[in-house]
Every structure is written in C-alpha cells, then in structure tokens.
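Q: only the shape, not the letters, is given here:
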C-alpha cells in the first residue's frame, strides 16, 4: 500500500496512472465496496493502479468547527479494509478550511489535478467544492477522464449508509450492522491491565484500549469471538461501566476469552461481538455477579456451538 497526501498548497504532481474512487468511506460498507469494485474494473480496463481518495479530518470537523466526530471505523481501519478489498493506493486529502472554500472547478484542478487519473468513481450523492456546489454531473464535465457514478446500494429498509449502521450499532443490532457492512463488525486495540476483579472470580478479562473515535455498540454483554496472536477464541464481551465492582466513567471494553490460558498484556486484539445477551446490571454482591457470569459463559458456548 502506498499513501499519498495532498493539501491545497502541495506542489508535487503524482505521475503514476491511477483509477480511483472518492468519498469518506466510514465503515467501508456494501455501498463503499461497490465503488471499490467499479474502481478495480476501471483499473483493469486502463491497466493502471487502483486508489481510494478520502479526507482527513472528517469534513464535518472542519466545516462545523468540531473537535472530533465518532465513526464506525478509524482512518487506519478504513485503509486496512481498502487494501483488503484490493486497493493499492490511499490518497488522503488534508481537508482544511482553505480546501473547503475551493470552488468545484478549483477543487478539480488544484486537488484532483495533482493526480494522474485515468478514471474516477463516485457515489450518486457525492458533492464537492464550496458549499457542496459540485455534483456528479458537473464532475463528469470537469474531469478529463472517465467518471463512473454508482447508484445507491439498498436492502429492504432502503439505502445502506453509515448513518443507518451507526444507529443500529448504538442499539446493539449487530445482525443488521454486519449485513450492511458485508463483514463482521469489530473492535480492536491493545490489551491493558485492569483491576483484576474478574481474575479473582475465575473470569480473567482482556481490557482493550480502543480508539475513542470508534462508535461502540449498545452497552451490555455480548457473545462473540476474539482474535489474538492469530488464534480465535469464543469470547464473553462486556461493553460498559462495570457498575458492581469497578465502576468506570469512560466506557470500558473487555472480554473473557474461553480457553485462553496465557497472559496477553500488550498484545493487539480484535473483538467480534455477534449476539447481544443482556444489559449491564448492578448486582447486590460479588457472588450474585459471579453466578450471572457463569450463566453468561454457558450462553456464549451454546450460541457459538456451530462455530467450532
């Protein structure tokens, strides 16, 4: 993977012929994958490399003056997914106030014009230039290459979008999230030390330092999987504040990995919550909590028995 960064004042022109798709691509869902598919087809047609053009930061951060915006995927995750789907180059446009005020014509000549594009793919609702005055039809007129416009990808609830996926995530509806993503949703990060309360009850957990940019699923207990050191484990995943023994203001993500018998502190872990089991509860005492955890573990094993 090659990363190309372009700003308003970038002087260099990139001469490698490319076919690219353009957008923010939060979630890399089925709609985004359709753009990537068309990009790879154009790359084959013109015998050149493929690229994905995206923005950093999220244009809403710049346009609305926000400190940050939560997303389904971080930039790092989007880049890795793009490569997984076959993209060879990532083009990052540094979206400043100055770039946001470029006219559609200037955006094409001063920004996209720094790339040697043989083809460009965008979604039907792509807008560009000051106040979003540029649309797909204008892009076709302004670009000196083939432009393909991809229609909405839909399911029985309408257009698949990052907004719909975010809403389903916050409700804990992972089956809907995964159907729209086209791959299983995951949380990833480094395993850090906690207060070892779970270990003392026979339920050691991997506490995950995840990105605060990530939108997390609805708080509660999930059945799912964990992958660490290339090995997959059935996992009881908790997302929340740990109200009984170890209350935390910031939402914690931790998982009890069934069958793991080694220390994994400092390791990189990826969690796949699949089934929502229950909401977080405050128990009267540790014994009551422990009884519930044994029940949760039995439920996890039962739900995932067909995933051997």
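A: Received, thanks. Just so you know, these numbers come straight off a predicted model, no measurement behind them. Numbers count the residues shown, from 1 in each chain.
Q: any idea how the chain splits into domains?
A: 2-159, 186-307 (automatic domain parsing).
Q: any idea which of these gets closest to residue 169?
A: Taking C-beta to C-beta, domain 186-307 is the member of those nearest to residue 169, at 5.2 Å. C-betas here are computed from N, CA, C, even on glycine.
Q: average pLDDT across that closest one?
A: Here domain 186-307 scores 87 as its mean pLDDT.
Q: next, the distance between the ends of that domain.
A: 17 Å (C-alpha to C-alpha, to the nearest Å).
Q: residue 170 is nearest to which of the domains of the chain?
A: domain 186-307 (5.9 Å).
Q: any idea how far that closest one is from the middle of the chain?
A: Put simply, domain 186-307 sits 20 Å off its chain's centre (C-alpha atoms, centre = their mean, to the nearest Å).
Q: buried stuff in the host helix or strand of residue 292?
A: Using DSSP states H and E, residue 292 sits in helix 286-303. Residues of helix 286-303 classed as buried by neighbour count (16 or more other C-beta atoms under 10 Å): 289-290, 293, 296-297, 299-300, 303.
Q: again with stretch 132-150
A: Using 16+ other C-beta under 10 Å as the test for burial, stretch 132-150 gives 134-136, 138-139, 142-143, 145, 147-150.
Q: got the end-to-end distance for that stretch?
A: 18 Å.
Q: coming back round to it: and the buried residues of helix 286-303, which is closest to residue 218?
A: Closest to residue 218, out of all of the buried residues of helix 286-303 and judged by C-beta to C-beta, is residue 296, at 16.1 Å.
Q: show me the two of the buried residues of stretch 132-150 that sit farthest apart.
A: Pairwise distances across those (C-beta to C-beta) peak at 18.4 Å, for the pair 142 and 150.
Q: which strand or helix spans the closest residue to residue 153 other than its chain neighbours?
A: Leaving aside its sequence neighbours, residue 153 sits nearest to residue 31 (C-beta to C-beta, 6 or more residues apart in numbering; 4.2 Å). If you go by DSSP H and E, residue 31 is part of helix 30-46.
Q: quick one: the strands in the stretch 1-150 of the chain?
A: Under the criterion DSSP state E, counting those that start in this stretch, the stretch 1-150 of the chain contains strands at 2-6, 14-22, 49-56, 89-94, 115-123, 146-150.
Q: contacting residues for the nearest residue to residue 32 once chain neighbours are set aside?
A: Sequence neighbours aside, residue 25 is the residue nearest to residue 32 in space, at 4.9 Å (criterion: C-beta to C-beta, 6+ apart). Going by C-beta atoms under 8 Å, 6 or more residues apart in numbering, residue 25 touches 32, 52, 54, 78, 82.
Q: farthest-separated two in the residues you listed?
A: Greatest spacing in those, by C-beta to C-beta: 32 and 54 (10.2 Å).
Q: shared neighbours of the two, which are they?
A: 23, 25.
Q: which residues does the helix or strand that residue 254 is a member of contact?
A: Element membership for residue 254 (DSSP H and E) is strand 252-258. Here strand 252-258 makes contact (C-beta under 8 Å, 6+ apart) with 187, 189, 194, 198, 203-208, 210, 216, 224, 226, 228, 233-242, 269, 271, 293, 297, 300-301.
Q: thinking again about what came up before, need the strands of the stretch 1-150 of the chain in a markdown table with mean pLDDT and distance to residue 180, can you?
A: Putting the strands of the stretch 1-150 of the chain into a markdown table (pLDDT from 0 to 100; distance: least, C-beta to C-beta, whole Å) gives the following:
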| stretch | mean pLDDT | distance to residue 180 |
| --- | --- | --- |
| strand 2-6 | 96 | 27 |
| strand 14-22 | 97 | 18 |
| strand 49-56 | 98 | 19 |
| strand 89-94 | 98 | 23 |
| strand 115-123 | 98 | 15 |
| strand 146-150 | 98 | 16 |
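Q: now the helices for the stretch 101-250 of the chain?
A: Secondary structure of the stretch 101-250 of the chain (DSSP state H, counting those that start in this stretch): helices located at 104-106, 136-142, 162-170, 174-181, 197-200.
Q: what's the straight distance from one end of stretch 141-159 to the other?
A: 27 Å.
Q: check contacts around residue 304.
A: Residue 304 neighbours (C-beta under 8 Å, 6+ apart): 223, 225, 234, 274.
Q: residues in a beta bridge with the third one, which ones?
A: Applying DSSP bridges to residue 234 yields these beta-bridge partners: residue 225, residue 258.
Q: so it sits against residue 299, correct?
A: No. The pair residue 234 and residue 299 fails to qualify as a contact (C-beta atoms under 8 Å) at a distance of 11.0 Å.
Q: circling back: just put the domains of the chain in JSON lines and tack on distance to residue 166.
A: Below are these laid out as JSON lines (distance: least, C-beta to C-beta, whole Å):
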{"stretch": "domain 2-159", "distance to residue 166": "6"}
{"stretch": "domain 186-307", "distance to residue 166": "5"}
